[in-house]
Structure formats: C-alpha cells, structure tokens
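Undergrad: what follows is a predicted protein model with its sequence.
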Amino acid sequence: MFQAEWTQTLKRLSEARENTVMVTLLHVRGHAPQQAGVKMLVTTTEAFHTLGGGFMEHHAIQKARGLLASGEQAPVTEVLRLTQKETPAHTVQCCGGEVTLLYEVIQFQQPTVAIYGLGHIGQGVAFHLSKLPITLQLFDSRENQIPEIPASRATLHRHHVPIPEATVLDLPEGTLVLILTHDHATDLAVLEMALKRPDFPFIGVIGSKVKRQNFRQHLLKEGFSEEALGRITSPVGLEGIRSKDPAVIALSVAAQVLQVLQVGQIPLSAPLPEP
C-alpha cells in the first residue's frame, strides 16, 4: 500500500471530524498476509485499506471499534498468532506466523462548549478554555462584547445574536453550556431552552443562591420537573472558591469545565432548598 493512500484517507476523516483508529502491522515473525508497516483506518462504521484480510483483519476491526466505544486514548499493542490452534475454526488463518499490531486512537471530534454572555467573566472563561483543543461557541447580544482571542488552540465561533436563546436548539449534541450573561431575564430564557435539550451533559448558570431559588420557582411554574432542575449547576464554578473577583470566578468556572471534559462525569449542583 502506498503511503499516499492512507494519508489521503486520514485527511478526509479529519475534515469530516470522524474519530478513527489507525491499525499498523508493526512487526511480523514468520509468515503473514502483509508485510510490516501496512496500515488500516477504522471508524465506527467503516474500515479503509487492509492488513491482509482474514481473521487478523476482522479481529483488528472489532478491537479498534471497541477502543472507540470505550473512549480509550492511549496506544495499544497486541500479539496475534496466525495458526489453526489460535484462530477461530470458522475463520482459520494458518500462515504460521506471529504479528504485532499497534492501535492508535485519533480523535478528530472536538468537545463543544457554548458560552452565553461575554462580560468580564465570560471573556475570562473563553480565554482559559481557548487553550484547549475544543470548539468554543461564543454568544452575546451586545456586538461590542465579542472578544478577539489570540493564540488559540480552540476552534472559535463568535456570534452577535440579539436573541441568544434562539440559538440553543442548534448547538451540537453533547455541548457543555455556560450561561453567564449580564441580564437575568436572558439567563433564564437561555436556561429554559437548554433544559429542553436532554443531550446537554452540563448546564452551568452564574449567580447567587437567591437567583438560583428564583429561577427554580419560575421553572417549576413553567412545568419543568425536579429531575430537569437537577441538571443545573448553579452557582457555576468550583466549590469552596468564594471570591467575587471576576478573574477568579472565570478561572473557577473554566476549571470546573475542564473537570467535566476530563472525567467525563456530569457534576450536579447541590439539592435546591424547597421554597
């Protein structure tokens, strides 16, 4: 297989942002269907190029898809013996050799974080998160509040939107939502729309306990369930950091988002007191 084949395929998968496992026939001892160095690219639905077919290739595809499903990121190697004793009876591969396969997960899909409100805190959060390989969707109803963020690793999308809540339903699946606007009515409108998206793993709202309680009472009157309200993290930010300095709050919020991204868990706010 010529190198240009798999490099071009990898480029297409990158442009499509489709997570991929690159499987390399790393080492061959004895006989095998292909020589060391050949590669195969595996996604959740397709496989491109070949390791030589048969049991070895079938096994490699299944293992690669298992890695994608598990979220594993570290490279994995394994040794396969291509003998009648080692391969399943219905897919005998009896080259007689032994191969070492290398599996490398390549993540092209970037997590998305949407920030509504780009005042001092929102801009600070955006600045910190822009250092991560994520997609940042930045929204504000005030045109002069959309910041320029230099030296970014993130993919940035900046939006001046007079009605921010109208954009929520168009966010990508799995978006982490931060509601940090200058206006309580806007915060509440965006929050109501976010709660209608069950696929959002994190919805953080800035504010005090009094604001949280007022929002709670309103949402209950609007028909939202206690279960839905349990999806809200408010006040957003790491517990135990009580400073009101916007720079400190921004750092706290960004750190909490990083926890969600790395751990993959959904942090829930403390139970809201009954009215």
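TA: All right, it came through fine.

Undergrad: need phi/psi at V42.
TA: Backbone torsions for V42, taken as degrees, to the nearest 10, come to phi -120, psi 130.

Undergrad: test my guess that G122 contacts F139.
TA: No: with contact defined as C-beta atoms under 8 Å, G122 does not reach F139; the gap is 9.1 Å. C-beta coordinates here come from the backbone N, C-alpha and C atoms, glycine included.

Undergrad: E78 - how many residues pack around it?
TA: 13 (other C-beta atoms under 10 Å).

Undergrad: quick check: closest non-adjacent residue to it.
TA: Nearest non-adjacent residue to E78, counting by C-beta to C-beta, 6 or more residues apart in numbering: L101, 5.5 Å away.

Undergrad: so what's G53 closest to, chain neighbours aside?
TA: P33 (6.2 Å).

Undergrad: pretty sure the one you found sits against L51.
TA: Yes: counting by C-beta under 8 Å, L51 is a contact partner of P33 at 7.0 Å.

Undergrad: of the two, who's got more company?
TA: Shown here are P33 and L51; by other C-beta under 10 Å, L51 has more neighbours (24 against 20).

Undergrad: show the contacting residues for the more buried one.
TA: V23, L25, P33, Q34, V38, M40, E57, A60, L101 (C-beta atoms under 8 Å, 6 or more residues apart in numbering).

Undergrad: can you rerun that using 7 Å?
TA: Contacts for L51 (C-beta atoms under 7 Å, 6 or more residues apart in numbering) come out as V23, L25, P33, Q34, V38, M40, E57, A60.

Undergrad: with V168 instead?
TA: V190, M193, A194, R197.

Undergrad: so T50, which of the three states?
TA: Following DSSP: H, G, I helix; E, B strand; the rest coil, the label given to T50 is coil.

Undergrad: could you look up the SS state of the residue nearest to G53?
TA: Going by three-state DSSP: P33 is coil.

Undergrad: any stretches of the stretch 151-275 of the chain with poor pLDDT?
TA: Where the stretch 151-275 of the chain drops to pLDDT under 70, the residues are 151, 263-275.

Undergrad: now do the strands in it.
TA: 155-160, 176-179, 202-205, 232-233 (DSSP state E, counting those that start in this stretch).

Undergrad: wait, is V79 part of a strand?
TA: Yes: assessed with three-state DSSP, V79 lies in a strand.

Undergrad: any idea what the residue lying closest to it once chain neighbours are set aside is bridged to?
TA: Leaving aside its chain neighbours, V79 sits nearest to T100 (5.3 Å; criterion: C-beta to C-beta, 6+ apart). Residues in a beta bridge with T100, per DSSP bridges, are H27, V79.

Undergrad: so who does T186 touch?
TA: So T186 contacts S141, P164 (C-beta under 7 Å, 6+ apart).

Undergrad: how much space separates it from T135?
TA: 22 Å (C-beta to C-beta, to the nearest Å).

Undergrad: how is this protein carved up into domains?
TA: 3-106, 112-263 (automatic domain parsing).

Undergrad: go through stretch 6-14 and flag the buried ones.
TA: W6, T9, L10, L13 (16 or more other C-beta atoms under 10 Å).

Undergrad: for stretch 48-60, that is, sorry about that
TA: In stretch 48-60, counting by 16+ other C-beta under 10 Å, buried: F48, H49, L51, G52, G54, F55, M56, E57, H58, H59, A60.

Undergrad: and stretch 32-40, by the same measure?
TA: Neighbour count says stretch 32-40 has A32, P33, Q34, V38, K39, M40 buried, by 16+ other C-beta under 10 Å.

Undergrad: if we can go back for a sec, closest one to L261 out of the buried residues of stretch 6-14, please.
TA: Nearest to L261 among the buried residues of stretch 6-14 is L13, at 22.2 Å by C-beta to C-beta.

Undergrad: packing partners for the host helix or strand of the closest one?
TA: Taking DSSP states H and E as the definition, L13 sits inside helix 3-15. Where contact means 3 or more C-beta pairs under 7 Å, 6 or more residues apart in numbering; DSSP states H and E, helix 3-15 is packed against strand 39-42.

Undergrad: before we move on, back to that, now list the buried members of the contacts of V168.
TA: V190, M193, A194, R197.
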